[in-house]
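Novice: Please find the sequence and the predicted model below.
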There are 2 protein chains.
Amino acid sequence: MSKEIGITTKKAADLSEWYTQVVTKAELADYGAVKGFIILRPYGYSIWERIQQHLDRRLKETGHSNAYFPLLVPESYLKKEATHFEGFTPEVFWVTQSGENVLSERLAVRPTSETIVNDAYSKWVRSWRDLPILINLWNSVLRSEITATRPFIRTSEFLWQEGHTVHATKEDTDKEVMLILEFYRQIIEDEMAIPVLLGYKSEKEKFRGALYTTTLEAIMPDGKAIQMGTSHNLGQNFSKPFEIKYLGKDEQVHYAWTASWGVSWRLISAMIMLHGDDKGLVIPPQIAPIQVVLVPIYFKAEQSEAITEKARTIAETLKKEGVAVHADFRDQYTPGWKFNEWEMKGVPLRLEIGPRDVQNQQSVLVRRDNSQKSVVKDNDLVKEVKKCLSEIQSNLFAKAKTSLEAAITTVTSYEEFKKALEGRGGFIRACWCGSTACEETIQNDTGATIRTLPLKDEELFSKCVGCDRAATKVAYFARSY
Amino acid sequence: MSKEIGITTKKAADLSEWYTQVVTKAELADYGAVKGFIILRPYGYSIWERIQQHLDRRLKETGHSNAYFPLLVPESYLKKEATHFEGFTPEVFWVTQSGENVLSERLAVRPTSETIVNDAYSKWVRSWRDLPILINLWNSVLRSEITATRPFIRTSEFLWQEGHTVHATKEDTDKEVMLILEFYRQIIEDEMAIPVLLGYKSEKEKFRGALYTTTLEAIMPDGKAIQMGTSHNLGQNFSKPFEIKYLGKDEQVHYAWTASWGVSWRLISAMIMLHGDDKGLVIPPQIAPIQVVLVPIYFKAEQSEAITEKARTIAETLKKEGVAVHADFRDQYTPGWKFNEWEMKGVPLRLEIGPRDVQNQQSVLVRRDNSQKSVVKDNDLVKEVKKCLSEIQSNLFAKAKTSLEAAITTVTSYEEFKKALEGRGGFIRACWCGSTACEETIQNDTGATIRTLPLKDEELFSKCVGCDRAATKVAYFARSY
């Protein structure tokens, strides 16, 4: 692989440049024709498909269904929930013409679907028998980004899922919000090996129109936090303007409660930054589209047949055992070139088969996460491959978990707060008075926001870090993506 | 089920009204907030997911990958292929503002992605080593429909897949076009039980910008044809303006060849019209989200436990065997109500379990397609269910195949042509001179177009049906959706 093709920047030297190179050179994404838009290339899309599979299975097992709602939302719908409208309007792409006709009302290209979904729900919900409604949408949303494009983090269009559910009571809605939060945790921690802090958003940071928002927050190597997903209890803030009402078992008419929740392809950005290294991507096995890449090695033409046959047999065997295996039989590239390419693409395990390996009924396994090599007998191969994949998964999570824990600094004064932030960054754990004004002052001064308030209140250990008044909550601050 | 909930129009009496009722009452789709747009509800979406699974598997097995391309296309891109631009412009929804800013160039909401995809391909293709590129996109496209909305047939937004491939030679491109046509045939005939005519489009009817277009055409009960899918060889018509060039093994630079192909949720409309009856939908087992619905029947509370337990056991067993089964344990509805609802929703097989069935270790199977009832012993259940599903699938296809064959009328004169068209409609098989002018005259006079020209030329049997000049081809004409 030529230098131009490989990653030329060290991750520790320039995370941002390294990130851009990994995304484009590993062919996850490319820049689109319009500023702010990206193309999700096949390799990137196959990672997104793995995320989809993991979440879709859990959603369907718990009674959720997928559906599709129209892309265009009338301006008047967006206006029905005032806070919501205010929040999204500056970012909306507006359709104003169809063919050469000027439309009588501007149509928003979906920035999120609460309004259009709740309008339909108001028609579908009549009685307690119709509840809950548990619908998920896999689609893309558009929100104009004026700052520099960053694939998977800051783009004017992104792929995501948005769940929209209707319930009879606040309690049912709370349960849904927490069920989804737990599913997100499973996808992010157990499948993507990214440890997160779970908690609530502050009033200032919550979703525009929500009663409350729960969140999952990860920390990146540059000390900045990244929001991985959110699950909102929307209270009756949407059911009232949209008139989602049901006749209860008590024969009375009630306003329903609604929830919404989403994760986007942003998950991929955190995976890249957290696990990647100077050679490129490192993809956790549970999310890897290719878990094992098989590279045949021969130098003389007469060796090729036996090696190819062995490679095919192994690929078949692994496939039958549910391992996502790819055998790279391309003639136009050398084994060394292939090693570099698949390392850059983050495939967790490489399996090399050379002439000696045919003779000795073995092959060579190389781990992407720590470069460990081992010679494995054919009889043990399936067992060893599975063991290795499982070890890589645990290893990546354990390393990341250690980093997360090390990235939390507990402070008791504003000086310590600023020092920690200017130093290595990360999460600053501090006591807070609960006031939005105080939160804003801290943000304006330092650029840090409250990323999350723990699900269970933690014990207070100082006055408010911002204003010295009595504290009411422990909060986790950080600068963020 | 009350009359209002069930289908109130006979299919034979008013196909259009019957269709609308089936779509909305079986909860496949609902009308959206903006005229021309529909909501694909969970039950409808789950049918679309089955279609996706069937096609996605075949595409992946043959080396195709999914990807995602931006929703917005600059006007200047659309203009690069002139015929293509002309064809789509009148239908395009234009984004002209983002937030309160007026954009310097109008952006089209994707009417199809050829231009934006080929622009990217021109960057990705350098050498013969990069070919073929085999990419598929699952997305939605928008084309303004000014006539009345008809769910799945005439809507301003529709879900589809669009494949875009690049090849070194015309021969490779031809092969791809035919491979995809065969996959479409398999989905439509083998999975959806809808027999089709395969063939080429005439010059007039081909895709705007294509070298040639292949198509699959089905016939509906009202004698109108419906285009089910198309697969195009785009020649070098896009590779030239977009500069998709590669260095060949011969060390020369060549323009590449491209193909594109698509099927949409329109497939669902044909399934509804072809197989449905006065009770509602009839879904072929291979495409049914629920293949077997299990309805427990008890009249006294003390019977419920044993019946519920038996139902659960059976549901588990069938699920393990790969049967898509749903057990309807809802208390608030009577068995009779449930029978009607699931019949309207077209579930292929109903399995009833009553008190006597527990005692006799049996259950009752009822087929949706012909209402046949049979008592099946528990030991034979799995085998019988699978046999029944397979028989329903064959039966639906055989019936539809007979209808298709009966719907073809061979004519040798324009009088016969018009008589057949005014009579029962269907496909009119006739000899044609090959001139677009003649084709247009026939269309203006009768409303019928050439739906397809057979893949293999059929033997000529008269002069041109339109103009009496010498014929060059046998063509299948019809009025169409």
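Specialist: Thanks, I have the structure now. These figures come from a predicted structure and were not determined experimentally.
Novice: give the contact list for the closest residue to residue A:143 other than its chain neighbours.
Specialist: Take residue A:143 and drop its neighbours on the chain: the residue closest to it by Cβ to Cβ, 6 or more residues apart in numbering or on different chains is residue A:91, 4.0 Å away. Quick note: C-beta positions are derived from backbone N, CA and C, even for glycine. With contact taken as Cβ atoms under 8 Å, 6 or more residues apart in numbering or on different chains, residue A:91 is in contact with A:111, A:143-145, B:98-99.
Novice: Outside of stretch A:40-54 itself, list whatever touches it.
Specialist: A:23, A:26-30, A:138, A:159, A:161, A:186-187, A:191-192, A:263, A:265, A:267-268, A:271, A:283, A:286-289, A:345, B:65-69, B:135.
Novice: rerun at 7 Å
Specialist: A:26-30, A:138, A:159, A:187, A:191, A:265, A:267-268, A:287, A:289, A:345, B:65-68, B:135 (Cβ atoms under 7 Å, 6 or more residues apart in numbering or on different chains).
Novice: residue boundaries of the helices in chain A?
Specialist: A:15-25, A:42-61, A:75-78, A:82-88, A:114-124, A:170-185, A:239-242, A:266-275, A:301-320, A:335-344, A:355-359, A:381-406, A:414-422, A:436-446 (DSSP state H).
Novice: Settle this for me: residue A:85 is touching residue A:78, isn't it.
Specialist: Yes - counting by Cβ atoms under 7 Å, residue A:85 does reach residue A:78; the two are 4.9 Å apart.
Novice: Between these two, point out the one with more neighbours.
Specialist: residue A:78 (24 against 19; other Cβ atoms under 10 Å in any protein chain shown).
Novice: residues contacting the more buried one?
Specialist: With Cβ under 7 Å, 6+ apart, residue A:78 has these contacts: A:85, A:88, A:108, A:115.
Novice: got the residues you listed as JSON lines, with distance to residue A:329 and pLDDT columns?
Specialist: JSON lines is the format used below for the contacts of residue A:78 (distance: Cβ to Cβ, whole Å; pLDDT from 0 to 100):
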{"residue": "A:85", "distance to residue A:329": "56", "pLDDT": "73"}
{"residue": "A:88", "distance to residue A:329": "50", "pLDDT": "78"}
{"residue": "A:108", "distance to residue A:329": "49", "pLDDT": "96"}
{"residue": "A:115", "distance to residue A:329": "52", "pLDDT": "91"}
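Novice: Could you turn the buried ones of those into a PyMOL selection?
Specialist: Listed next is the PyMOL selection for buried residues among these, using 16 or more other Cβ atoms under 10 Å in any protein chain shown:
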select buried, chain A and resi 85+88+108+115
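Novice: Now flag whichever of the contacts of residue A:78 is closest to chain B.
Specialist: When the contacts of residue A:78 are compared for distance to chain B (Cβ to the nearest Cβ), residue A:115 wins out at 8.5 Å.
Novice: picking that back up, narrow the contacts of stretch A:40-54 to those that are buried.
Specialist: A:26, A:28-30, A:138, A:159, A:187, A:191, A:265, A:267-268, A:287, A:289, A:345, B:65-68, B:135.
Novice: Relative to residue B:329, how far out is the residue lying closest to residue A:418 once chain neighbours are set aside?
Specialist: Leaving aside its sequence neighbours, residue A:418 sits nearest to residue A:446 (Cβ to Cβ, 6+ apart; 6.1 Å). Residue A:446 sits at a distance of 56 Å from residue B:329 (criterion: Cβ to Cβ, to the nearest Å).
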